[in-house]
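> can you look at this prediction? I've put the sequence above it.
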Amino acid sequence: MSPSKKELTASGGDSGDWGQWSNLVLAELKRLNESIEKVREDLTTVTLDVATLKVKSSLWGAMAGAITVIAILGVDYMKENLFKAHNPPTAIYQVVPYTPTTSLPSGAAITPPVGAPVVTPPAVVPPGP
């Protein structure tokens, strides 16, 4: 172990004893070198951690994007296939204009489908003389 600065000063190290001062300087350089090496190791560890986090974040982003696309496709599929199957057709039967000469075969009756609104035709007033 090299002498400290206090020891050198107390033993008259200021009087030009370069050998002791050089030992102190070399010991300090070694300590600083070890400190720098420790900082480099820590920096390498931090760099690896950042790279790992980048990979993890890109994977999470890809999964979130895939879930969004699947949800959109699922909603679109349901709109196209499930909800349209329950919509009743808009025209159940064809409306034919009434003319007095139209007659039904004997025993036939016109009945609207179940649930269809009943519409009464307007009263026809024969033209006057």
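That came through fine.
> next helix or strand past the lowest-mean-pLDDT helix or strand in the chain?
Sorting the helices and strands of the chain by mean pLDDT, DSSP states H and E puts helix 5-10 at the bottom, at a mean of 55. The helix or strand immediately downstream of helix 5-10 is helix 18-77, counting by DSSP states H and E.
> mean confidence for that next one?
Helix 18-77 shows a mean pLDDT of 95.
> that helix packs against which elements?
helix 5-10 (3 or more Cβ pairs under 8 Å, 6 or more residues apart in numbering; DSSP states H and E). C-beta: built from backbone N, CA, C; applies to glycine.
> could you rerun that using 6 Å?
Contact here means 3 or more Cβ pairs under 6 Å, 6 or more residues apart in numbering; DSSP states H and E; on that basis helix 18-77 packs against no helix or strand.
> relative to Q20, how far out is T44?
37 Å (Cβ to Cβ, to the nearest Å).
> which of the two has more residues huddled nearby?
Q20 (15 against 10; other Cβ atoms under 10 Å).
> quick one: the more buried one and A27, what's the gap?
Distance of Q20 to A27, given as Cβ to Cβ: 11 Å.
> any buried residues in stretch 18-28, and which?
Residues of stretch 18-28 classed as buried by neighbour count (16 or more other Cβ atoms under 10 Å): L24.
> okay, it in CSV with CA atoms only?
What follows is stretch 18-28, C-alpha atoms only, in CSV (Å, rounded to 0.1, in the frame of the first residue of the first chain):
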residue,chain,number,x,y,z
TRP,A,18,10.1,12.4,-5.7
GLY,A,19,10.1,8.7,-5.1
GLN,A,20,7.4,8.9,-2.5
TRP,A,21,5.3,11.4,-4.5
SER,A,22,5.5,9.2,-7.6
ASN,A,23,4.2,6.3,-5.6
LEU,A,24,1.3,8.5,-4.4
VAL,A,25,0.6,9.6,-8.0
LEU,A,26,0.7,6.0,-9.3
ALA,A,27,-1.6,4.8,-6.6
GLU,A,28,-4.1,7.6,-7.4
